[in-house]
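Chemist: Structure for this input, please:
(one chain, ligands or ions: 3)
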Amino acid sequence: MLRIAVPNKGSLSGPAAEMLHEAGYQQRRESKELRIVDPENEVEFFYLRPRDIAIYVSSGRLDIGITGRDLLIDSGADAEEILPLGFARSTFRFAAKPGTANGIEDLKGKTVATSYEGIVEGHLAEHGIEASVVHLDGAVETAIELGVAEVIADVVETGTSLRNAGLEVFGEPIMKSEAAVIRRTGADADDPKVQQFLRRLQGVLVARTYVMMDYDCRVEQLEKAVALTPGLESPTVSPLHNEGWVAVRAMVPAKEAQRIMDDLYDIGARAILTTAIHACRL
Ligand SMILES: Nc1ncnc2c1ncn2[C@@H]1O[C@H](COP(=O)(O)OP(=O)(O)OP(=O)(O)O)[C@@H](O)[C@H]1O
Ligand SMILES: O=P(O)(O)OC[C@H]1O[C@H](OP(=O)(O)OP(=O)(O)O)[C@H](O)[C@@H]1O
Ligand SMILES: [Mg+2]
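Modeler: Ligands and ions are numbered 1, 2, ... in the order given. Have a look, this model is predicted:
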């Protein structure tokens, strides 16, 4: 049975459970459940604190886990990312009161408050900067106002929390993060159970980013139309009962669907439809 760590709380937990559900796995019914077995899929899910997931996975007691890239790096655990999942996207940045710092050099001798000491200490060491790091569990934006630190390093998504605290980012972004599937460094890459799990999640990612497009066009326009909708390998082209016309079917990126429909219409394609993809295996 494949043993998988899933975030039990916070920004990662809802979207992770949703993705697993879309991939056909059973998920817990209530948030107090810490462990469930999905016998049909031969998988056992352990609901753990996102911060602890890399540690469990690196110990080898769990096969894989879903966590944030920033949490994985911060933990220093012996685990590696094998599939980025596209949700819980964030950037990790330094911030301070406007006009107090411009770049990493300005951190010398200062105190930085953060929940991610591993990332911050690693980044400061890489740049040869000596500064003190204070650990706070959360709401670090308030640390400056209350005099605990002159600078913070934190997760930024929309920037609302920083703006509300009257702070501004400075310097280069420290890292970009998103949720990812991780495994113990050097674990068997060909394990068929892990491969099947990854294929299912990849199927969800593709189903979320592509739509199926169908349309009819004149044979003379086919090459132009196919250039607009090349599909993943190559579009399906079928004859229509009306001579001189063909029906075309191809997957297209959902974000570009409306523009592609306009362009197809302009070259004479008609009956252009898009439909959602619920699941797929590439
Ligand atoms: N506002 C946000 N937008 C997007 N991703 C976020 C946001 N806040 C945190 N994350 C991401 O979620 C992960 C952190 O999850 P975690 O559950 O530890 O923190 P949280 O969502 O802030 O919850 P908590 O309330 O427990 O602090 C990290 O990978 C981080 O980059
Ligand atoms: O740029 P934004 O869209 O404002 O998002 C970033 C904020 O979200 C998270 O905080 P959360 O609400 O989880 O509280 P916490 O600081 O206690 O973790 C993170 O720690 C930032 O504070
Ligand atoms: Mg938080």
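
Chemist: Would you mind listing what in the protein touches ligand 2?
Modeler: By CB under 6 Å from any ligand atom, the residues of the chain that approach ligand 2 are 138-139, 141, 154-161. C-beta coordinates here come from the backbone N, C-alpha and C atoms, glycine included.

Chemist: Most neighbours of all those, which one?
Modeler: Among the residues of the chain next to ligand 2, the one with the most neighbours (other CB atoms under 10 Å) is Asp154, at 26 neighbours.

Chemist: That one contacts Ala95, correct?
Modeler: Yes - counting by CB atoms under 8 Å, Asp154 touches Ala95, with 6.9 Å between them.

Chemist: Secondary structure of Val134: a strand, I assume?
Modeler: Yes - under DSSP: H, G, I helix; E, B strand; the rest coil, Val134 sits within a strand.

Chemist: Who is the closest residue to it other than its chain neighbours paired with across the strands?
Modeler: Spatial nearest neighbour of Val134, excluding adjacent residues (CB to CB, 6 or more residues apart in numbering): Ala113 at 4.7 Å. Following DSSP bridges, Ala113 is listed with bridge partners Val134, Ile152.

Chemist: This protein: helices as residue ranges?
Modeler: Using DSSP state H, the helices of the chain run over 13-22, 53-59, 69-75, 117-126, 142-145, 160-164, 192-209, 222-228, 257-266.

Chemist: Name all residues that make contact with the residue of the stretch 1-150 of the chain found nearest ligand 2.
Modeler: Closest to ligand 2 within the stretch 1-150 of the chain is Gly138: 2.5 Å, counting by CB to the nearest ligand atom. When contacts are counted by CB atoms under 8 Å, 6 or more residues apart in numbering, Gly138 is found next to Ser115.

Chemist: ok, it to Ile55 distance?
Modeler: Distance, Gly138 to Ile55, by CB to CB, to the nearest Å: 19 Å.

Chemist: Can you report how many residues neighbour Val194?
Modeler: For Val194, the neighbour count with other CB under 10 Å is 19.

Chemist: need the contact list for it.
Modeler: Here Val194 is in contact with 2, 63-64, 183, 187-188 (criterion: CB under 8 Å, 6+ apart).

Chemist: Kindly report the same for Pro7.
Modeler: 13, 16, 47-50, 53, 66-67.
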